[in-house]
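Asks: take a look and give me a structure for this.
(2 chains)
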Protein chains: 2
Amino acid sequence: MTTQYYTATSIDGFIADADNSLDWLLQFGDGSGDTYSAFIAEVGAIVMGSTTYEWVLEHHVNADADHPRPWMYEQPTWVFSSRELPGVEGADIRFVRGDVVAVHATMTEAAHGKNIWIVGGGELAGQFHDHGLLDELILGVAPIALGAGAPLLPRVISHPPMRLTDVRQDGPFALLTYAVRG
Amino acid sequence: MTTQYYTATSIDGFIADADNSLDWLLQFGDGSGDTYSAFIAEVGAIVMGSTTYEWVLEHHVNADADHPRPWMYEQPTWVFSSRELPGVEGADIRFVRGDVVAVHATMTEAAHGKNIWIVGGGELAGQFHDHGLLDELILGVAPIALGAGAPLLPRVISHPPMRLTDVRQDGPFALLTYAVRG
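Replies: Have a look, this model is predicted:
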């Protein structure tokens, strides 16, 4: 069981632009290629922050108000939020707040040996890292500079460094995998 | 002749940390490996900003005040600065200010068909890009997150995107090469 933060990023470490848009990313398609399929098949539990969740609601689920689309994930999904947020019909979404440690324990149980995917944002991934719970970082680096926006991972991880475990080209992206711990 | 911005960066797009230090980078050695040797052999002219230049003076040339070390480059080097800065004995260093376009023309002539290397910082590389003069971006991505610091390339380059032309592992680094134009 690995706790993974898998995200697309610009070369300069932003996961959304200064207007909280992903247009820079979506020009390359919806991200549903072989790399994602292989990744998601090994995921047993998902967690995201409220900004990420609300982005998905607005741009995917409710993009067409008259014809809402179903939730994308079969896995149980935890959403960290200090606010009341709407759920999605037919989806297993669990709203939580506070410390990530207890939630991680619950997710580990629910994942039945499969991986935990931290979808984003960077601050939530950072909180898992703060508690030594982030095992792996997988970056789909888009051939894009954004200059400003939502930070990939607002933490210092330098001594010891991470360990680059895989490097490959994935279409227009560079796919970089890092072991974060040990 | 290619105008290249070749630099080390953290995964989150910083080329120096919040204290303007490169300690996070230097833990991996002084960067004088095969990749650098092959790169520098094709360079005919070098340009950097004043912050980069002063870093080199302090940490390399004058690191030991009693025994100054020689300048590292045989190629003529242009330093952009609005201030008066000291030169280095025996080095071909040309201090300039203002617009990058005229300097680029002079450098192109001096390079005799070889490449132009923009050492940094990000703002200077951005100014070359603003004038359509940045051809290639080569990133040595260190397995490090910094969270804050000097930005890699404070510009938006997204529509059209760059083109990833090479991806490889280079020791602990991922080496990513992008065609910036066309």
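
Asks: number of residues surrounding A:Arg155?
Replies: 20 (other CB atoms under 10 Å in any protein chain shown). C-betas here are computed from N, CA, C, even on glycine.

Asks: what pairs with the strand or helix carrying A:Leu139, and is each one parallel or antiparallel?
Replies: Using DSSP states H and E, A:Leu139 maps to strand A:136-141. Paired strands of strand A:136-141, with direction, are strand A:3-9 (parallel), strand A:173-179 (antiparallel) (DSSP bridges).

Asks: reformat those strands as JSON lines; add mean neighbour count.
Replies: Output for the strands paired with strand A:136-141, formatted as JSON lines (neighbours: other CB atoms under 10 Å in any protein chain shown):
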{"stretch": "strand A:3-9", "mean neighbour count": "24"}
{"stretch": "strand A:173-179", "mean neighbour count": "21"}
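
Asks: so for B:Ala18, which of these sits nearest?
Replies: Across the strands paired with strand A:136-141, B:Ala18 has its closest neighbour in strand A:3-9 (19.8 Å, CB to CB).

Asks: immediately after that closest one, which helix or strand?
Replies: Toward the C-terminus from strand A:3-9 - assigned by DSSP H and E - lies strand A:14-16.

Asks: what helices and strands are in contact with that next one?
Replies: Using 3 or more CB pairs under 8 Å, 6 or more residues apart in numbering or on different chains; DSSP states H and E, the elements in contact with strand A:14-16 are strand A:3-9, strand A:150-151.

Asks: helix or strand next in line after that strand, which one?
Replies: Counting by DSSP H and E, what follows strand A:14-16 is helix A:23-26.

Asks: three-state assignment of the residue nearest to A:Tyr73 when sequence neighbours are not counted?
Replies: Spatial nearest neighbour of A:Tyr73, chain neighbours left out: A:Ile46 (5.5 Å); criterion: CB to CB, 6 or more residues apart in numbering or on different chains. Of the three states, A:Ile46 takes strand under DSSP: H, G, I helix; E, B strand; the rest coil.

Asks: who does A:Ile46 bridge with?
Replies: Applying DSSP bridges, one finds that A:Ile46 bridges with A:Thr77, A:Trp117.

Asks: residues contacting it?
Replies: By CB atoms under 8 Å, 6 or more residues apart in numbering or on different chains, the contact set of A:Ile46 is A:73, A:75-78, A:116-117, A:119.

Asks: neighbour count, pLDDT and distance to B:Glu54 added to those, as JSON lines?
Replies: Listed next are the contacts of A:Ile46 as JSON lines, based on neighbours: other CB atoms under 10 Å in any protein chain shown; pLDDT from 0 to 100; distance: CB to CB, whole Å:
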{"residue": "A:Tyr73", "neighbour count": "19", "pLDDT": "96", "distance to B:Glu54": "51"}
{"residue": "A:Gln75", "neighbour count": "18", "pLDDT": "98", "distance to B:Glu54": "52"}
{"residue": "A:Pro76", "neighbour count": "17", "pLDDT": "98", "distance to B:Glu54": "54"}
{"residue": "A:Thr77", "neighbour count": "23", "pLDDT": "98", "distance to B:Glu54": "50"}
{"residue": "A:Trp78", "neighbour count": "22", "pLDDT": "98", "distance to B:Glu54": "48"}
{"residue": "A:Ile116", "neighbour count": "26", "pLDDT": "98", "distance to B:Glu54": "45"}
{"residue": "A:Trp117", "neighbour count": "27", "pLDDT": "98", "distance to B:Glu54": "44"}
{"residue": "A:Val119", "neighbour count": "21", "pLDDT": "98", "distance to B:Glu54": "42"}
